[in-house]
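> Okay, structure incoming, though there's no sequence with it:
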């Protein structure tokens, strides 16, 4: 991830979590989301497709 993107993100939030791969990121996001929270996945079609596969693996 570009340092410029990280710096711009810090202006919007005080917390940024970086994970090694898409599976770890999806697991982390779902685990830390509250009952009424929304997990929004963005990026390339490859990234979103990989995240979708992870989300569909289990009944989340």
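Perfect, thanks for sending it. Keep in mind that what you see is a predicted model, and the values were worked out from it rather than measured.
> Could you pull out the buried residues of the helix or strand containing residue 29?
Using DSSP states H and E, the element containing residue 29 is helix 22-32. Of all the residues in helix 22-32, those buried under the rule 16 or more other C-beta atoms under 10 Å are 22, 25-26, 29. C-beta: built from backbone N, CA, C; applies to glycine.
> if we take those residues, which one ends up nearest to residue 45?
residue 22 (12.5 Å; C-beta to C-beta).
> Run through the residues that contact the closest one.
With contacts defined as C-beta atoms under 8 Å, 6 or more residues apart in numbering, residue 22 is in contact with 47, 50-51, 54.
> Any of those residues buried? List them.
Taking 16+ other C-beta under 10 Å as the criterion, what is buried in the contacts of residue 22 is 50-51, 54.
> Output those residues in a markdown table, with distance to residue 40 appended to each entry.
Listed next are the buried ones among the contacts of residue 22 as a markdown table, based on distance: C-beta to C-beta, whole Å:
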| residue | distance to residue 40 |
| --- | --- |
| 50 | 15 |
| 51 | 10 |
| 54 | 15 |
